[in-house]
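> Dropping the sequence and predicted coords here.
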Amino acid sequence: APSRMEAQLDAVNLLSGAKTQSNPENVVGLLSTGGKGVEVHVALTSDIGKVLSLSHGIKIGGKANLSAGIQVAQLSLKHRQNKNQRQR
């Protein structure tokens, strides 16, 4: 059986692949909420390979701060390239 981290990496792979393949304008990003604080590992991109390669470098540890993670995600959406996209 896979560990919790392996299952999360599989979910990152499936979700990022599905979102970017469903529409060519879709972009995904990757951030972690544990450890020293919220850390953006991959800014918004349509390159799935970049997301997958950098997702394997995430370390396990610390307490998750979900509210701070949501705030950082909203901030990164404000600074995206394509301003025609809307947050859902």
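Nice, thanks for sending it over.
> Which secondary structure state is assigned to the spatially closest residue to Leu31 that is not a sequence neighbour?
With sequence-adjacent residues excluded and distances taken as C-beta to C-beta, 6 or more residues apart in numbering, Leu31 is closest to Val40, at 4.7 Å. For glycine as for every other residue, the C-beta is placed from the backbone atoms N, C-alpha and C. At Val40 the chain is in strand, as set by DSSP: H, G, I helix; E, B strand; the rest coil.
> Would you tell me which helix is longest in this structure?
helix 4-22 (DSSP state H).
> Next, the buried residues of that helix.
Using 16 or more other C-beta atoms under 10 Å as the burial criterion, the residues of helix 4-22 that qualify are 9, 12, 16, 20.
> With stretch 31-51 instead?
Residues 31-34, 38, 42, 44-46, 48, 50-51 are the ones in stretch 31-51 that count as buried (16+ other C-beta under 10 Å).
> nearest spatial neighbour of Gln71, skipping sequence neighbours?
Spatial nearest neighbour of Gln71, chain neighbours left out: Val38 (7.9 Å); criterion: C-beta to C-beta, 6+ apart.
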